[in-house]
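Trainee: this one's structure only:
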């Protein structure tokens, strides 16, 4: 993978967020220079796969979001460069390893059902990056997605976050600026790298969209910068 992002394709589909204000992702491209106590009512999850070590560095990336946001489909698309829509929700963990020319990355997804969200914070301290997936067309649950995101990152001011505004191809989906406002991203401070990208998965078997390719390149670049 070349290190250069397709900035022209990104401009209409992504926002880089800094200082509480949205700026074009083009500007970023130019500058890139757990056991824990469990709630009694919840059954214990098995331990997740350990982070992969690559050249001495842990490359684990945490993938979170509400159930139905499309996390598993996104991960499959990133790993294979082809689309596979998933209808079964993740119950527990889902780990996928992705290799690029520069690094080997492990994506650790935790299911987004209400009974699983208690576990999310347990895995934040040891990850390099948070990928947070939201369903752009699920207007009724965007306030919940917002609340959970803000709770996740309130005690970590430097953790890089990539927000994927997924299902942009669904009728009625909010555009990027609407997602930015619905998640109140301007309220998150200015000490972290934060990016908002509009994504979608197309028909089964087809190649992934340019926006998914851009998201993959961005995540890989952030991992290299954060190691």
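Mentor: Received, thanks. Bear in mind that the values here come from a model prediction, so they are computed numbers and not experimental data. Numbers count the residues shown, from 1 in each chain.
Trainee: same for the longest helix seen in the chain, what does it pack against?
Mentor: Taking DSSP state H as the criterion, the chain has its longest helix at helix 210-226. In terms of contacts (3 or more CB pairs under 8 Å, 6 or more residues apart in numbering; DSSP states H and E), helix 210-226 is packed against helix 7-11, strand 14-18, helix 71-80, strand 104-110, strand 129-135, strand 161-166, strand 194-198. In this view, the C-beta of every residue, glycine as well, is placed from N, C-alpha and C.
Trainee: let's have those in CSV, adding mean neighbour count and mean pLDDT.
Mentor: Listed next are the helices and strands packed on helix 210-226 as CSV, based on neighbours: other CB atoms under 10 Å; pLDDT from 0 to 100:
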stretch, mean neighbour count, mean pLDDT
helix 7-11, 16, 34
strand 14-18, 23, 50
helix 71-80, 22, 85
strand 104-110, 21, 88
strand 129-135, 24, 96
strand 161-166, 26, 96
strand 194-198, 24, 95
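Trainee: mind putting the ones you listed into a markdown table with distance to residue 64?
Mentor: Rendered in a markdown table, the data for these read as follows (distance: least, CB to CB, whole Å):
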| stretch | distance to residue 64 |
| --- | --- |
| helix 7-11 | 23 |
| strand 14-18 | 18 |
| helix 71-80 | 8 |
| strand 104-110 | 6 |
| strand 129-135 | 6 |
| strand 161-166 | 10 |
| strand 194-198 | 15 |
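Trainee: so which of these is nearest residue 151?
Mentor: Distances from residue 151 to each of the helices and strands packed on helix 210-226 were compared using CB to CB; the shortest belongs to strand 129-135, at 11.7 Å.
Trainee: contacts for the closest one next, please.
Mentor: 61-66, 68-71, 74, 107, 124, 141-142, 145, 149, 152-153, 159-167, 179, 183, 219, 222-223, 226 (CB atoms under 8 Å, 6 or more residues apart in numbering).
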